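[1] Next input, structure requested:
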Amino acid sequence: MAAVSPDKPAVIMASSGRVVTYRELEEESNRLAHLFRAAGLTAGDHVAFMLDNHPLFLAIAWAAHRSGLYYTAIGSRLKTDELAYIVDNCGARVFISCAALADVATSVAGMTPGVELRLMLDGVAPGFGSYEEAVASQPVTPIADECQGADMLYSSGTTGRPKGVKPALSRAPLDRPWPLVQLIRLLFAPSADSVYLSPAPLYHAAPLRYCMSFQRLGATLVVMERFDPEQALALIEKYGVTHAQWVPTMFIKMLRLPEQVRTRYDLSSLVCAIHAAAPCPVPVKERMIEWWGPIIHEYYAGTEGNGFLYAGPEDWPAHRGTVGRPLLGSVHVCDEEGDELPPREQGTVYFSDGPGFVYHGDEERTKASRDPLGRGWTTLGDIGYLDEEGFLYLTDRRSYTIISGGVNIYPQEVENLLALHPKVADAAVFGVPDEEMGEQVKAVVQPLSMDLAGPALESELIGYCRSRLAAYKCPKSVDFREELPRHPTGKLYKRLLRDEYWPAAP
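    Residues are numbered from 1 along each chain as shown. Coordinates of the predicted model:
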């Protein structure tokens, strides 16, 4: 696109309005690629960067990609120990951050001895050189040995220490489209005229990979520095957004806007709304379809890339609640022994016949992701069931299953119900110790206002659940928090809440 339409916006930052053209994207990524080579990095080496949604985020990713490197984008909310673990574990030789994150970026210097070059955007800090000065003298033309690299991203750590997913490097020519680009073309029909809205943090797998794929097709990206429900609607109208990707919590926040706000904006340009990352409560998706029309596409996949399920606008009404059926790989639902279960019976979801993966430097968790019978099937740790037509329905994470009196309870069902209560902003449900039953169901709720928190709302929410679900599934008690520990992509750090209620191991 840089050769055809060099002045076309490649990135528009939503709040600041800063534009990065395709010419600037090309030249910036080339300069940094040359710097990588000057620093001694060759194809297969590793770089890491920790940034908010920065105007040059994607230029840095493209520089690593076109240099044949592994690149790890790191969440900007991590603390020192978490950041140091990822930078050290991935084997990064170069680490890039920005002045806004200097405090935590500089704090890991002594814990990441493998890093040879540290660069900082928008300023400098102890141990970091100026990114802008370092790349300024580098050529804007491509390096001589361009080839495709790959991201090596880490799970968000919702169930333990983050796991790095290391794919094989293709080292293919840069102009060869990768499989995700071809899948996006097939399902969502974008073109160089498309405008793609990205409301989520770019360091997460789906935003990063989809943004790079849409740029590979020549589209313009509108990147939100952080999600705001009304601003997202305003951006669709302002820029004529055609495609956007969301998570269910964003749908809920947009639906909770006053009707006069929701109807204020012209959304007619939007032809494809994509959602993933977590199952969407059925009533929420029904309301979104009623509002936006039959343009909502859903997929289920993971950072691991071992499978891809899809439910288009024509699929979901006939299979309400599904996350799709396989387009990449095959899907199986198995019991604890690894035997396949018939339709409608819940078990662990496994993929076969898709790409393999390993968790970098973690043989134990790699092994735990394989099926018990040694067929090479892999799981992301989700519980679900298949219907008679092969559509998958997710019920929860395997690690969050509550076993009370020998009965399995899946918290997601209760969380989805609580999320729809008019006084609830967010909710988490998990098991806590119970001397008689082993575990009992606990809910931790973020109310719309902490002024509402207290015994009256607790009683109301328990009654609300009991009027809609079997009693054994419902919370026995409710605690209230000003905010739940939720990843910006919508994933809940339930482990952090759950650990507060369980005694530490002796």
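[2] residue furthest from the geometric center of the chain?
    Most distant from the centre of the chain: residue 436, at 38.1 Å, with distances by CA atoms, centre = their mean.
[3] Let me know the pLDDT of that one.
    Note on residue 436: pLDDT of 72.
[4] and what of residue 488?
    In this model, residue 488 carries a pLDDT of 62.
[5] thinking again about what came up before, mind checking the SS state of the residue farthest from the centre of the chain?
    Using DSSP: H, G, I helix; E, B strand; the rest coil, the structure places residue 436 in coil.
[6] Contacts only, for residue 223.
    The contact partners of residue 223, by CB atoms under 8 Å, 6 or more residues apart in numbering, come to 11, 12, 13, 14, 53, 57, 198, 202, 211. Placement of C-beta: from N, CA and C, glycine included.
[7] Phi, psi for it please.
    Residue 223 adopts backbone torsions of phi -110, psi 120, taken as degrees, to the nearest 10.
[8] for it, which residues make a bridge with it?
    residue 13, residue 198 (DSSP bridges).
[9] go on, residue 300?
    With DSSP bridges as the rule, residue 300 is bridged to residue 309.
[10] Give me the neighbour count for residue 196.
    26 (other CB atoms under 10 Å).
[11] quick revisit: closest to residue 82 among the contacts of residue 223?
    Using CB to CB, residue 202 comes nearest to residue 82 of those, at 18.3 Å.
[12] okay, the closest one: pLDDT?
    For residue 202, pLDDT reads 95.
[13] Run through the residues that contact it.
    By CB under 8 Å, 6+ apart, residue 202 lies in contact with 51, 53, 57, 58, 73, 208, 211, 223.
[14] Among these, which are located in strands?
    Under the assignment DSSP state E, the contacts of residue 202 contribute 73, 223 to strands.
[15] List the ones among the contacts of residue 202 that fall in helices.
    Counting by DSSP state H, these place 57, 58, 208, 211 in helices.
[16] before we move on, back to that, as a markdown table, the contacts of residue 202 with distance to residue 375 and pLDDT would be great.
    Formatted as a markdown table, those follow (distance: CB to CB, whole Å; pLDDT from 0 to 100):
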| residue | distance to residue 375 | pLDDT |
| --- | --- | --- |
| 51 | 40 | 97 |
| 53 | 41 | 96 |
| 57 | 39 | 98 |
| 58 | 39 | 98 |
| 73 | 33 | 97 |
| 208 | 31 | 97 |
| 211 | 35 | 98 |
| 223 | 41 | 98 |
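[17] What sits closest to residue 18 if chain neighbours are left out?
    In space, and not counting its chain neighbours, residue 18 is closest to residue 55: 5.0 Å by CB to CB, 6 or more residues apart in numbering.
[18] Does anything pack onto the one helix or strand residue 33 maps to? Which helices or strands?
    Here residue 33 sits within helix 22-38, counting by DSSP states H and E. Secondary-structure packing of helix 22-38 (3 or more CB pairs under 8 Å, 6 or more residues apart in numbering; DSSP states H and E): strand 9-13, helix 57-66, helix 131-136.
[19] could these go into JSON lines alongside distance to residue 236 and mean neighbour count?
    JSON lines is the format used below for the helices and strands packed on helix 22-38 (distance: least, CB to CB, whole Å; neighbours: other CB atoms under 10 Å):
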{"stretch": "strand 9-13", "distance to residue 236": "13", "mean neighbour count": "22"}
{"stretch": "helix 57-66", "distance to residue 236": "21", "mean neighbour count": "25"}
{"stretch": "helix 131-136", "distance to residue 236": "33", "mean neighbour count": "16"}
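[20] Quick check: which of these is nearest to residue 234?
    strand 9-13 (13.2 Å).
[21] what does that closest one contact?
    With CB under 8 Å, 6+ apart, strand 9-13 has contacts from 1, 18-22, 24-25, 53, 55, 58, 215, 220-223, 225, 239.
[22] Narrow those residues to just the buried residues.
    1, 20-22, 24-25, 53, 55, 58, 215, 220-223, 225, 239 (16 or more other CB atoms under 10 Å).
[23] what's the farthest-apart pair in the residues you listed?
    Taking CB to CB as the measure, those span a maximum distance of 23.7 Å, between 1 and 225.
[24] Could you list the low-pLDDT ranges of the stretch 201-350 of the chain?
    By pLDDT under 70, the stretch 201-350 of the chain has no low-scoring segment.
[25] Run a quick neighbour tally on residue 168.
    By other CB under 10 Å, neighbour count at residue 168 equals 10.
[26] tell me the contacts of it?
    residue 150.
[27] redo that, cut-off 10 Å
    150, 355, 356, 357, 358 (CB atoms under 10 Å, 6 or more residues apart in numbering).
[28] residue contacts, the last one?
    Spelled out, that is residue 358. Contact analysis of residue 358 by CB under 10 Å, 6+ apart lists 163, 164, 165, 166, 167, 168, 304, 365, 366, 367, 369.
[29] What sits closest to the fifth one if chain neighbours are left out?
    In space, and not counting its chain neighbours, residue 167 is closest to residue 150: 5.0 Å by CB to CB, 6+ apart.
[30] ok, the nearest residue to residue 424 once chain neighbours are set aside - contacts?
    In space, and not counting its chain neighbours, residue 424 is closest to residue 418: 5.3 Å by CB to CB, 6+ apart. For residue 418, the contact set (CB under 10 Å, 6+ apart) comprises 281, 424, 426-429, 443, 445, 461, 464-465, 475, 478.
[31] Looking at the residues you listed, state which has the most neighbours.
    residue 429 (30 neighbours).
[32] Verify the stated contact: that residue with residue 477.
    No: the pair residue 429 / residue 477 is not scored as a contact, 11.2 Å apart, by CB atoms under 10 Å.
[33] what touches both of these two?
    With CB under 10 Å, 6+ apart, residue 429 and residue 477 have common neighbours 441, 442, 443, 444.
[34] Can you lay out those as a markdown table showing distance to residue 231?
    Below are the shared contacts of residue 429 and residue 477 laid out as a markdown table (distance: CB to CB, whole Å):
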| residue | distance to residue 231 |
| --- | --- |
| 441 | 36 |
| 442 | 35 |
| 443 | 31 |
| 444 | 28 |
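[35] Pick the one among these closest to residue 81.
    residue 444 (24.4 Å).
[36] Now do the contacts for residue 298.
    248, 273-276, 279-280, 285, 309-313, 315-316, 322-324.
[37] Let's see that with 8 Å instead.
    274, 275, 276, 280, 285, 310, 311, 316, 322, 323, 324.
[38] Next up, phi/psi of it, please.
    Dihedral pair for residue 298: phi -130, psi 140, per degrees, to the nearest 10.
[39] Can you point out the buried residues in stretch 191-210?
    Neighbour counts over stretch 191-210 (16+ other CB under 10 Å) mark 194-210 as buried.
[40] list the contacts for the residue nearest to residue 59 when sequence neighbours are not counted?
    Computed as CB to CB, 6+ apart, the closest residue to residue 59 that is not its neighbour in sequence is residue 28, at 4.0 Å. Residue 28 is in contact with 20, 56, 59, 63, 135, counting by CB under 8 Å, 6+ apart.
[41] closest to residue 449 among those residues?
    residue 56 (38.9 Å).
[42] Quick check: beta-bridge partners of the closest residue to residue 19 other than its chain neighbours?
    With CB to CB, 6+ apart as the criterion, residue 19 has its nearest non-adjacent residue at 4.9 Å, and that residue is residue 9. Using DSSP bridges, the bridge partners assigned to residue 9 are residue 21.
[43] For residue 172, which non-adjacent residue is spatially closest?
    residue 148 (4.8 Å).
[44] Quick check, pLDDT for residue 56.
    pLDDT for residue 56: 98.
[45] any idea how far it is from residue 264?
    Residue 56 is 33 Å from residue 264, where distance means CB to CB, to the nearest Å.
[46] Tell me which of those two has more neighbours.
    Neighbours per residue (other CB under 10 Å) separate residue 56 from residue 264, with residue 56 holding more: 26 against 13.
[47] Which residues are in contact with that one?
    Neighbouring residues of residue 56 by CB under 8 Å, 6+ apart: 20, 28, 121.
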